[in-house]
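Peer 1: coordinates only, sequence not included:
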């Protein structure tokens, strides 16, 4: 078969397969066009999940009559004109592909009124056949109506799913855009019924409206700025974890992205407080110098490439890690703080106009320097002026600063009793605090063991009388490897275990913090973990799991009676310990029952 040129229509349909995977893809492109046109009210109407009809109406600047026919033409755009423009553009759309691709596989109508023209104009296309421009009635903005998606490409149409499935994808595309722009009002209608109505306002209200009030109540406000990097939004507490990744939204300079580097940084920040089969929930916005990121690397523009990915990873990890590590005492008053402080209040910008809720993204970015720099060099410069990490929490955390006033010196209050040897009941200003004493003590011991390991090794306590026990071949192998390798990782963990015979081991010392634990059972569990995790590799690759096993042995057990002084000491330790709101497995260590909750239970005031 001879080589031949493809027709313009076929070229457009091939391109449409990249840009318009399904109706939701078309909706995303149209919504981004509306935002680029400075719209502050957008209405979306769907019929049959967007397969039959997809209509987007906005009140933006509109398209001039002379540009209307070009709007449906391939590679026609107002965003770029030269290669330099392509390398610096930062608007949501810029390639001039979306409308042309959508028009090539549907029956499309475009009505628009430019702000400088007296009345609106209409143009429509069937496939790639574009009609003449004619007058139309429209007060302001633009309406794009897409009918019968893939009507002329049956092979693609048969791959569309059911109406419910396609609507679900459209709703998700709508949600992603709506979350990113709280300064814009949105309306979503499906089959004649309004399914989502969002008024423009503040970001935290938009998050609650879209993701639910429960998410907003259980989330930690993130607002961290270092040099040219800013991370803000909401990250849910580990206790609000999900079984799926259905509440994870990340935006880079206002654009929704799925980036492996960012996702990895977030997972690392949650690693120590979340069970392995659970997923965190968050909506996070990363703002950076546009020259640090290239968005022109994917047809759907959902993937980006960072100039210094290592710096971005570290910044996101440290910002979230610090927020999640806030001691229990600080988190206890977050709800009180929220009534007086809005972390999303717009701040003064550096010469860039800002929308009503702090949404400000440049139209163009500076040309990206493609020369590779030293890994982490930008990050090192960013943190050159940061205070040392041993800065007291009272100085660095806005939450803690409000604890000391009005008799809230001890946010977890004072112990009153012990319930069934499992829970501590305490009273604070808000009402009743219920603490799982084993889970709370386990987290405290775990954090102390981690701190000890960071200073090279865990201090050990020699036993007055060594304890011997029968060991199986795997336990013997671990001890013999530790002794023969010259790298005694058992000593690093605070153990001194000797070989007495081919089948007998003796525990001669245990970690100081675990001196009250059952020495034999503790040693067996640690040896079992070392055998499973690979001996010396365990201290580098699985260190935290090893320390978690040890902390479990050190923690106070259920059914152990505690004096009030011991219970109060545990509460004070919780207030001073990072991540003490969750145990090592991500489960909550305490709950607050407010006086209002108790009054409701007993119907007081009714």
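Peer 2: Structure's in. What do you need? From a predicted model like this one, the values you see are computed outputs, not experimental measurements. Numbering: from 1, shown residues only.
Peer 1: my read is residue 207 is in a helix, agree?
Peer 2: Yes: assessed by DSSP: H, G, I helix; E, B strand; the rest coil, residue 207 belongs to a helix.
Peer 1: Mind naming the longest strand for this protein?
Peer 2: strand 460-470 (DSSP state E).
Peer 1: tell me what whichever helix or strand comes after that one is packed against?
Peer 2: Per DSSP states H and E, strand 460-470 leads on to helix 473-484 as the next helix or strand towards the C-terminus. Applying 3 or more C-beta pairs under 8 Å, 6 or more residues apart in numbering; DSSP states H and E, one finds that helix 473-484 contacts helix 489-492, strand 496-501, strand 504-511, helix 519-533. The way it works is simple: take the backbone N, C-alpha and C, and place the C-beta from them, glycine included.
Peer 1: re the thing from before, report the strands that pair with the longest strand of the chain, each with its relative direction.
Peer 2: strand 504-511 (antiparallel) (DSSP bridges).
Peer 1: ok, residues contacting stretch 569-579?
Peer 2: Under the contact criterion C-beta atoms under 8 Å, 6 or more residues apart in numbering, stretch 569-579 has outside partners 272-273, 324-329, 410-415, 424, 426, 433, 435, 437, 440-441, 443-444, 447, 556, 562, 580, 589-590.
Peer 1: same thing with stretch 517-536?
Peer 2: 463, 467, 469, 471, 474-475, 477-479, 481-482, 485, 487, 489-490, 493, 495, 497, 505, 507, 510, 514, 538, 541-542, 545-546, 549-550, 553-554.
Peer 1: quick one on the thing from earlier: now the helices and strands packed on helix 473-484 as TSV including mean pLDDT, distance to residue 138 and mean neighbour count?
Peer 2: Output for the helices and strands packed on helix 473-484, formatted as TSV (pLDDT from 0 to 100; distance: least, C-beta to C-beta, whole Å; neighbours: other C-beta atoms under 10 Å):
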stretch	mean pLDDT	distance to residue 138	mean neighbour count
helix 489-492	83	73	19
strand 496-501	91	82	16
strand 504-511	92	75	21
helix 519-533	86	66	19
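Peer 1: In what element of secondary structure is residue 56 found?
Peer 2: Assigned by DSSP H and E, residue 56 falls in strand 53-58.
Peer 1: hang on, the earlier thing: in the longest strand of the chain, what's buried?
Peer 2: 460, 466, 469 (16 or more other C-beta atoms under 10 Å).
Peer 1: With distance to residue 598 and pLDDT as extra columns, can I get these in CSV?
Peer 2: As requested, those are exported to CSV (distance: C-beta to C-beta, whole Å; pLDDT from 0 to 100):
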residue, distance to residue 598, pLDDT
460, 47, 88
466, 53, 92
469, 50, 93
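Peer 1: what's the closest of the residues you listed to residue 193?
Peer 2: Nearest to residue 193 out of the buried residues of strand 460-470 is residue 460 (C-beta to C-beta; 68.4 Å).
Peer 1: ok, what's across the strand from the closest one?
Peer 2: The partner residues for residue 460, given DSSP bridges, come to residue 511.
Peer 1: surely it meets residue 497?
Peer 2: No: counting by C-beta atoms under 8 Å, residue 460 stays clear of residue 497, with 10.8 Å between them.
Peer 1: May I see the buried residues of strand 460-470 organised as JSON lines, with distance to residue 120 added?
Peer 2: Formatted as JSON lines, the buried residues of strand 460-470 follow (distance: C-beta to C-beta, whole Å):
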{"residue": "460", "distance to residue 120": "81"}
{"residue": "466", "distance to residue 120": "91"}
{"residue": "469", "distance to residue 120": "87"}
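Peer 1: Could you give the number of residues near residue 595?
Peer 2: 12 (other C-beta atoms under 10 Å).
Peer 1: how's the chain carved up into domains?
Peer 2: 8-191, 205-348+359-366+374-399, 410-606 (automatic domain parsing).
Peer 1: which stretch among these comes nearest residue 199?
Peer 2: Nearest of those (C-beta to C-beta): domain 8-191, 5.4 Å.
Peer 1: Report the rounded mean pLDDT for that closest one.
Peer 2: For domain 8-191, the mean per-residue pLDDT is 83.
Peer 1: Filter the contacts of stretch 569-579 down to the ones in strands?
Peer 2: Among the contacts of stretch 569-579, DSSP E puts 414, 415, 424, 426, 433, 435, 590 in strands.
Peer 1: Beta-bridge partners for the first one, please?
Peer 2: When bridges are assigned using DSSP bridges, the partners listed for residue 414 are residue 427.
Peer 1: could you measure it against residue 435, distance?
Peer 2: Residue 414 is 12 Å from residue 435, where distance means C-beta to C-beta, to the nearest Å.
Peer 1: same thing with residue 171?
Peer 2: 41 Å.
Peer 1: can you check residue 44 too?
Peer 2: Separation of residue 44 from residue 435 (C-beta to C-beta) stands at 48 Å.
Peer 1: circling back to that earlier point, out of the contacts of stretch 569-579, which are buried?
Peer 2: Using 16+ other C-beta under 10 Å, the buried members of the contacts of stretch 569-579 are 272-273, 324-329, 410-413, 415, 424, 426, 433, 435, 437, 440-441, 443-444, 447, 556, 562, 580, 589-590.
Peer 1: just for the stretch 251-400 of the chain, where's the confidence low?
Peer 2: Applying pLDDT under 70 to the stretch 251-400 of the chain picks out residues 276, 296, 298-301, 327-400.
Peer 1: can you do 50?
Peer 2: For the stretch 251-400 of the chain, the stretches with pLDDT under 50 are 329-358, 360-400.
Peer 1: for the stretch 401-550 of the chain, same thing?
Peer 2: In the stretch 401-550 of the chain, residues with pLDDT under 50: 401-407.
Peer 1: bridging residues for the residue lying closest to residue 479 once chain neighbours are set aside?
Peer 2: Spatial nearest neighbour of residue 479, chain neighbours left out: residue 497 (5.3 Å); criterion: C-beta to C-beta, 6 or more residues apart in numbering. Beta bridges link residue 497 to residue 507, judged by DSSP bridges.
Peer 1: can you pull the contacts of residue 497?
Peer 2: Residue 497 neighbours (C-beta under 8 Å, 6+ apart): 479, 482, 490, 505, 506, 507, 508, 523, 527.
Peer 1: Can you tell me which of the residues you listed is nearest residue 104?
Peer 2: residue 527 (66.3 Å).
Peer 1: Please tell me how far that closest one sits from residue 544.
Peer 2: The value you get for residue 527 to residue 544, if C-beta to C-beta is used, is 18 Å.
Peer 1: What are the buried residues along stretch 551-564?
Peer 2: Of all the residues in stretch 551-564, those buried under the rule 16+ other C-beta under 10 Å are 551, 552, 553, 554, 555, 556, 562.
Peer 1: out of those, which are inside helices?
Peer 2: 551, 552, 553, 554 (DSSP state H).
Peer 1: Nearest spatial neighbour of the second one, chain-adjacent residues omitted?
Peer 2: To tie it back to what came earlier, the one meant is residue 552. residue 442 (5.7 Å).
Peer 1: need the ones in strands among the contacts of stretch 569-579 in TSV with distance to residue 39, can you?
Peer 2: Converted to TSV, the ones in strands among the contacts of stretch 569-579 look like this (distance: C-beta to C-beta, whole Å):
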residue	distance to residue 39
414	55
415	57
424	54
426	52
433	48
435	51
590	46
